[in-house]
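> Show me the folded form of this:
(chains A and B)
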Amino acid sequence: MDGQTETHPNYVKIWGILLVLLVVSVLGPMIGIKAITLITAFGIGIVKAFLVAAHFMHLNIEKRLICYLLIVVLLFLLVLFAGVAPDVMRKEGQNWRHSSEILPSPLD
Amino acid sequence: MAFQTPQATSRSVTGIPTGRLAIWWVLASEIVIFGGLVTCYLLLRLHHVEWAEEASHTSTPAGAFNTFVLLTSSLFVVLAHRAVTEGNREKAFKFLWYTIAMGGVFLGVKAYEYTTEIVHGYTLTSSVFWSFYYTATGLHGLHVIAGMVIMGIISFSVRKGENLQRVEYIGIYWHFVDVVWIFLFPLFYIAK
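Residues are numbered from 1 along each chain as shown, chains lettered A, B, ... in the order given. Okay, here's the model as predicted:
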């Protein structure tokens, strides 16, 4: 439609690829090796999301502005992760103590 | 393809139709909502290896089947979009309702999962893991319901030949819901 070229790829073929990737992402973790689990579950998840975004959501032919918008939003998430991670994941610091050492855990 | 649309819909500085630009803005805010939730879950999950035991109680076959259902629903809604661009409104109507039906199957499976888990004592307040599980999948389920309702409304206007561009917009939203599930599936069903 407006701003896009009205050519449609073979959607059924892309769907078939997505299903193959789904099978791999389910079977991969059954091997029981952590690295393979991470690659097959999360790595393939990213590939699946990319295929859906590029071909079904037509990001591959969408104006660049939309890609920039999405990248900025994803960067916000990275900032959130980086900002909170030190407090949540590290138990020790030079001039501070983790809250779990001061306050009782809500799970206790 | 010529649509009879209000001026605000066709007017755009960016070169992107206003409606489509609006749906992308909605999705940008949705990314922050779901992304924030997933980020917090990841932070805690990496720190609490013992959550793997709790995650082992979710049903991988049910999650995998629901992934298949949503991927297939994404195919149907993009075929509805193609049908509209080809001028075949009846075909688009049909594919929109196939998509809604797949949304119904997804919710049915999710309801079965929730029932089984609650019966076994895994509720929203059982632990932090289960709180994340019900919050993330529940919020996702609400988006599925919203998408189904909006798609149903759009399908009838499509049949009348009105606002055909909305098929593409609801499609973009629906694919996003699919993408969210693509990430929730390994997080809650596979990483054990």
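> distance of the residue nearest to B:Thr116 when sequence neighbours are not counted from chain A?
Nearest residue to B:Thr116 in three dimensions, chain neighbours excluded: B:Ser59, at 7.3 Å (CB to CB, 6 or more residues apart in numbering or on different chains). For the C-beta atoms, the positions are set from N, CA and C on the backbone; glycine is no exception. Remark: distance between B:Ser59 and chain A (CB to the nearest CB, to the nearest Å) = 12 Å.
> Next: B:Phe183.
To chain A, B:Phe183 is 6 Å away according to CB to the nearest CB.
> does that residue really touch B:Leu37, like I thought?
No - look at B:Phe183 against B:Leu37 with CB atoms under 8 Å: they stay out of range, at 10.5 Å.
> The most centrally placed residue in chain A: helix or strand, and which one exactly?
Of all residues in chain A, the one closest to the mean position by CA atoms, centre = their mean is A:Ile46, 5.5 Å from it. Secondary structure from DSSP states H and E places A:Ile46 in helix A:44-51.
> Same question for A:His58.
Applying DSSP H and E, one finds A:His58 in no helix or strand.
> same question, the one 10 residues further on
Using DSSP H and E, the secondary-structure element containing A:Tyr68 is helix A:64-89.
> Against which helices or strands is that helix packed?
In terms of contacts (3 or more CB pairs under 8 Å, 6 or more residues apart in numbering or on different chains; DSSP states H and E), helix A:64-89 is packed against helix B:18-47.
> And the helix it packs on, how far out from the chain middle?
Put simply, helix B:18-47 sits 13 Å off its chain's centre (CA atoms, centre = their mean, to the nearest Å).
> hmm, that helix in reach of chain A?
Yes - against chain A, helix B:18-47 shows contacts by CB under 8 Å from any CB of the partner chain at B:20-21, B:24-25, B:27-28, B:31-32, B:35-36, B:39-40, B:42-44, B:46-47.
> Report the buried members of those.
For the residues of helix B:18-47 next to chain A, a neighbour count by 16 or more other CB atoms under 10 Å in any protein chain shown gives the buried set as B:20-21, B:24, B:27-28, B:31-32, B:35, B:39-40, B:42-43.
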